[in-house]
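In: Show me the folded form of this:
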Amino acid sequence: MTTTFQPSVEKFLAAPEELDQALTTPDDAVNPDEILQRIDDTLGLIAEANQIACGASPVKKIDVSVIVPIHNCREFIPEVIDRIDEVMPPATETILVDDGSVDGSWHYLRGLPERSNRTILHRRRHHGRGSAIRMALRHTRGHVVAIQDADMAYDPADLLGAIWPILEEQAEVVYGSRSMRRGGSHSNNLRGGLSNRMRRIVNRCLTTCSNLTTGLHLSDLETGHKVFLGDLIRSLPLTETGSGIDAEITAKVARAANTVMEVPTHYSADLRAPEYARNARTAMTTLRSLIAHRNGK
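Out: Coordinates of the predicted model:
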């Protein structure tokens, strides 16, 4: 999606004369208050120019691409979009993928105003989380690519802790682990009764199986916060269409990346009615994917 310049740009184009006047101090202007006022005026012009550039001009350099796969999360979409815009670096693009939702998610997304750093994709039918992520990857431009779940169980602010190690060239892949406290100790912070306790146990088992096949030492395979060096994740030949995508990505980055690390991330448990059948299907799909991609292929 692209956008056009707003009329206020004309004001900015006429600004050099004002800027020159603000920066030019006559020899007899010795009043400190007047000098400070001119500095304030200059800073105001610069701030206005930045605001116009960020809001209207196409983004030419993207540091971070945030992928948000969406399936029947209409009530959370406004919050997750606002939160990403609030906490992410300025040179960030957001790629929202509606995967055949039937709860009005697509109706809301297509009504959003166009922005140069926002891409909205849509599938008429539900294909699965893996398919949505793969579709979004083809549209990413960022030096770093991050995955953020749409249901706000994960705070986008925690993504920053996983993004910076890659921007600072300390790692190529970073997972946000729900079982780590700040400082590296483990936490049982998954609430929500039996359903989430069972989910945690299953995740530990799947993570252990993944570690045995990949040689990694992860603590949270199924985390919804995953961040990658852009060129690396875009180069992987991904094939999974459903929930098996996490196991496939992990198996393939284990071979392709030099440094894979984890950082703590917070998780707000889903307190809605437990869906044992869905969780069981997800676990079986992940296990099948672990076996299929155990050699990183």
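In: any idea how far residue 135 lies from residue 217?
Out: According to C-beta to C-beta, to the nearest Å, residue 135 and residue 217 sit 31 Å apart. Just so you know, the C-beta spots here come from the backbone N, C-alpha and C atoms, and that holds for glycine as well.
In: make that residue 240, sorry
Out: Taken as C-beta to C-beta, the span from residue 240 to residue 217 is 23 Å.
In: And these two? Which one has more around it.
Out: Legend: neighbour count by other C-beta atoms under 10 Å for residue 240 and residue 217, higher for residue 240 (23 against 10).
In: Could you measure from the more buried one over to residue 268?
Out: 26 Å.
In: what do you get for residue 129?
Out: 19 Å.
In: For these two, indicate the residue with more neighbours.
Out: Neighbour comparison, residue 129 and residue 268: the larger count goes to residue 129, with 24 against 14 (by other C-beta under 10 Å).
In: wait, what's in contact with that one?
Out: 69, 71, 99, 242, 243, 245 (C-beta atoms under 8 Å, 6 or more residues apart in numbering).
In: quick one: which of the residues you listed is nearest residue 31?
Out: For the contacts of residue 129, the residue nearest residue 31 by C-beta to C-beta is residue 69; the value is 59.0 Å.
In: Show me what the one helix or strand that closest one maps to is in contact with.
Out: Assigned by DSSP states H and E, residue 69 falls within strand 64-70. Defining contact as C-beta under 8 Å, 6+ apart, one finds that strand 64-70 is touched by 77, 80-81, 84, 88-89, 91-99, 101, 105, 109, 129, 132-133, 136-137, 140-150, 156, 159, 163, 230.
In: The same query, at a cut-off of 7 Å, please.
Out: Applying C-beta atoms under 7 Å, 6 or more residues apart in numbering, the contact partners of strand 64-70 are 77, 80, 84, 88-89, 91-99, 101, 105, 129, 132-133, 136, 140-142, 144-148, 150, 163, 230.
In: Stretch 131-142 too?
Out: 62-65, 67, 69, 93, 95, 97, 99, 119, 121, 147, 230, 233-234, 238, 241, 245.
In: can you map out the helices along the protein?
Out: According to DSSP state H, the chain carries its helices in the segments 8-13, 15-23, 32-56, 77-87, 105-110, 129-137, 159-167, 194-214, 230-235, 245-256, 276-292.
In: Among these, show the one with the smallest mean pLDDT.
Out: Within the helices of the chain, confidence is poorest for helix 8-13, with a mean of 39 (mean pLDDT).
In: re earlier: of the contacts of strand 64-70, buried ones?
Out: 77, 80, 84, 88, 92-99, 101, 105, 129, 132-133, 136, 140-142, 144-148, 150, 163, 230 (16 or more other C-beta atoms under 10 Å).
In: beta partners for the residue nearest the centre of the chain?
Out: Closest to where the C-alpha atoms of the chain average out (C-alpha atoms, centre = their mean) is residue 66, at 3.0 Å. Counting by DSSP bridges, residue 66 is bridged to residue 94, residue 146.
In: Which pLDDT does the model give it?
Out: At residue 66, pLDDT is 98.
In: for the one 4 residues further on, same thing?
Out: Note on residue 70: pLDDT of 98.
In: Run through the bridge partners of residue 228.
Out: Residue 228 has these beta-bridge partners by DSSP bridges: residue 145, residue 173.
In: shouldn't it be in contact with residue 173?
Out: Yes. The criterion here is C-beta atoms under 7 Å, and residue 228 meets it with residue 173 at 5.3 Å.
In: Now for the two: what residues contact both?
Out: By C-beta under 7 Å, 6+ apart, no residue touches both residue 228 and residue 173.
In: Looking at the two, which is more packed in?
Out: Shown here are residue 228 and residue 173; by other C-beta under 10 Å, residue 228 has more neighbours (29 against 25).
In: Against residue 171, how distant is the more buried one?
Out: 10 Å.
In: now residue 93
Out: Distance of residue 93 to residue 171, computed by C-beta to C-beta: 21 Å.
In: can you check residue 265 too?
Out: Counting by C-beta to C-beta - residue 265 and residue 171 are separated by 15 Å.
In: ditto for residue 71
Out: In terms of C-beta to C-beta, residue 71 sits 29 Å off from residue 171.
In: again, but for residue 180
Out: Where residue 171 is concerned, residue 180 sits at a distance of 15 Å (C-beta to C-beta).
In: So which of the two has more stuff around it?
Out: Comparing residue 180 with residue 171 by other C-beta under 10 Å, the one with more neighbours is residue 171, at 22 against 19.
In: The more buried one: what's it in contact with?
Out: Taking C-beta under 7 Å, 6+ apart, we find residue 171 in contact with 165, 259, 260, 261.
In: Many thanks, I have nothing further to ask.
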